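Asker: Quick one: sequence plus predicted model below, questions after.
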Amino acid sequence: MTTVAPSSEKVATHQTNLWQQSWIMVWRNLIHTKRMPEMLSDVTIQPVMFVLLFAYVFGASIQVAGGASYKEFLLPGIMGQTIVFTAFIVSTGITGDLEKGIIDRFRSLPISRSSVLIGRAIASLLHSSIGIVVMAITGLAIGWRIRNGFGEAVLAFALVLLFGFAMIWFGILVGSWLQSVEAVNGFMFTSLFPLTFLSNAFVPTDPMPTWLRTIAEWNPISSLVQAMRVLWGNGPDAPASAALPLQHPELTTLIWSVGLTLIFAPFALRAYAKRTAD
């Protein structure tokens with residue numbers, strides 16, 4: 001019996017349908033946010049609160065090498081923290097849909113399962129991007145500036161989004177693995193908060209004990225934040241004694257982003273397929 005390969009027209013139609021279905025899912029999530037605007041508090045009120053709190057309360061007692069402005073040192077760190085919490089957003093969203101039976105309803109429709117994940121991922125990235133914009137506006141108001149060229153500024157924002165894409169897969173994995181929104185909130189809080197604070201996001205790593213400094217400088221968040229600082233001209237270059245990731249932060253962030261995606265994506269897809277299996 002001869003097997004007939006699918007024509008290029010059928011493949012193209014399938015890809016078109018997948019993207020159409022995915023954008024419908026994105027639109028569905030955006031409508032949900034529009035009807036419940038309090039869902040934006042984590043990317044509007046919270047980032048502004050963090051910026052003002054650290055800049056004016058803690059900033060007076062934190063010294064940055066080379067006499068750099070702490071406000072400019074701070075903004076990339078808070079942006080890095082916000083994009084990491086993209087995983088929080090996507091995990092609670094997926095778990096909530098699974099708990100409420102919405103995913104079961106989607107499975108009864110003639111749509112691809114992948115479209116649900118793609119739509120949730122894009123919506124979560126848009127959600128976190130709002131926080132980046134809000135923080136940029138707040139930073140400009142308190143004295144933060146992008147001091148390098150347009151190309152480097154765009155590259156920094158691109159690295160932020162790329163790292164956020166990697167964190168989305170972590171969020172899908174956790175959201176598919178844990179059984180309730182409460183469990184997801186607890187797990188994410190106890191894992192992501194220490195990860196963001198055990199980095200160079202809010203304080204320089206130089207004064208840390210040697211063992212703690214090593215952990216902080218090999219933290220992928222540290223390379224992301226340092227890359228933004230370098231590309232935006234927002235702080236001193238890493239000292240010669242700093243770990244290798246901070247010496248080449250842009251390349252390291254790219255490697256971390258691709259590596260984390262390759263690690264988390266297969267497990268996330270497997271966990272989601274298992275959770276939604278018949």
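Answerer: Now that the structure is in, tell me what you want to look at. Residues are numbered from 1 along each chain as shown.
Asker: Please tell me how far stretch 155-169 is from the chain's geometric centre.
Answerer: Relative to its parent chain, stretch 155-169 has a centroid offset of 6 Å by C-alpha atoms, centre = their mean, to the nearest Å.
Asker: Quick check: which ranges of the stretch 151-278 of the chain have low pLDDT?
Answerer: Applying pLDDT under 70 to the stretch 151-278 of the chain flags the ranges 278.
Asker: What segments of it are helices?
Answerer: 181-197, 210-218, 220-232, 244-247, 249-275 (DSSP state H, counting those that start in this stretch).
Asker: Mean neighbour count, those helices: which tops it?
Answerer: Most buried of the helices of the stretch 151-278 of the chain by mean neighbour count (mean count of other C-beta atoms under 10 Å) is helix 220-232; its value is a mean of 27. Just so you know, the C-beta spots here come from the backbone N, C-alpha and C atoms, and that holds for glycine as well.
Asker: list the helices and strands it packs on?
Answerer: helix 70-84, helix 150-177, helix 244-247, helix 249-275 (3 or more C-beta pairs under 8 Å, 6 or more residues apart in numbering; DSSP states H and E).
Asker: one step back: now the helices of the stretch 151-278 of the chain as CSV including distance to Ser128?
Answerer: Converted to CSV, the helices of the stretch 151-278 of the chain look like this (distance: least, C-beta to C-beta, whole Å):
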stretch, distance to Ser128
helix 181-197, 13
helix 210-218, 23
helix 220-232, 13
helix 244-247, 23
helix 249-275, 15
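Asker: Can you read off the backbone torsions of the nearest residue to Arg28 once chain neighbours are set aside?
Answerer: Spatial nearest neighbour of Arg28, chain neighbours left out: Gly119 (7.0 Å); criterion: C-beta to C-beta, 6 or more residues apart in numbering. For Gly119, the backbone dihedrals (degrees, to the nearest 10) come out as phi -60, psi -40.
Asker: Tell me how many other residues crowd Gly119.
Answerer: Gly119 has 22 neighbours, counted by other C-beta atoms under 10 Å.
Asker: is it true that it touches Gln20?
Answerer: No. Using C-beta atoms under 8 Å, Gly119 is not in contact with Gln20, being 10.7 Å away.
Asker: ok, back up a step: I'd like to know which of the helices of the stretch 151-278 of the chain lies nearest to Pro47.
Answerer: Nearest of those to Pro47, taken as C-beta to C-beta: helix 181-197 at 12.7 Å.
Asker: what angle do the closest one and helix 150-177 make?
Answerer: 140 degrees (axes from the mean of the first three to the mean of the last three C-alpha atoms, to 10 degrees).
Asker: who does helix 181-197 touch, helix- and strand-wise?
Answerer: helix 70-84, helix 86-100, helix 150-177.
Asker: and the angle from it to helix 220-232?
Answerer: Inter-element angle recorded for helix 181-197 and helix 220-232: 50 degrees (by the same axes, to 10 degrees).
Asker: Okay, Leu231 and Ser223: tell me how far apart.
Answerer: 12 Å (C-beta to C-beta, to the nearest Å).
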